[in-house]
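Peer 1: I'd like to go over a predicted model; first the sequence, then the structure.
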Amino acid sequence: MSSSALPYRRKPPAWVKMKTEDVCDHICKLAKKGLTPSQIGVTLRDSFGIPQVRNVTGNKILRILKTNGLAPTLPEDLYFLIK
């Protein structure tokens, strides 16, 4: 069983300097470009150094998209099964 485990601490790490509002803005911008929630998470991790969006914002990426009206109509896994 070689899988990574999420840290127990639910606070963002001390080295993450982005604020919640900035992260939400980046998520909305990336969603408007047409990226899926998993692609948004990978982009935030690789480009902005945000390990877990939920620890920084308190919400998951899909919940943030739903509150801003940018959520996809189909769930991502079902969409790729149909495609």
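Peer 2: Perfect, thanks for sending it. Numbers count the residues shown, from 1 in each chain.

Peer 1: residue boundaries of the helices in the chain?
Peer 2: Taking DSSP state H as the criterion, the chain carries its helices at 20-32, 37-48, 53-57, 61-67, 76-82.

Peer 1: Report the angle between the longest one and helix 37-48.
Peer 2: Regarding helix 20-32 and helix 37-48, their directions subtend 120 degrees when assessed with axes from the mean of the first three to the mean of the last three CA atoms, to 10 degrees.

Peer 1: Okay, buried residues for helix 20-32 please.
Peer 2: Residues of helix 20-32 classed as buried by neighbour count (16 or more other CB atoms under 10 Å): 23, 24, 26, 27, 28, 30, 31. From N, CA and C alone the C-beta is placed, and that goes for glycine too.

Peer 1: Now do the contacts for residue 36.
Peer 2: With contact taken as CB atoms under 8 Å, 6 or more residues apart in numbering, residue 36 is in contact with 72, 76, 79.

Peer 1: Fine by me, we can end here.
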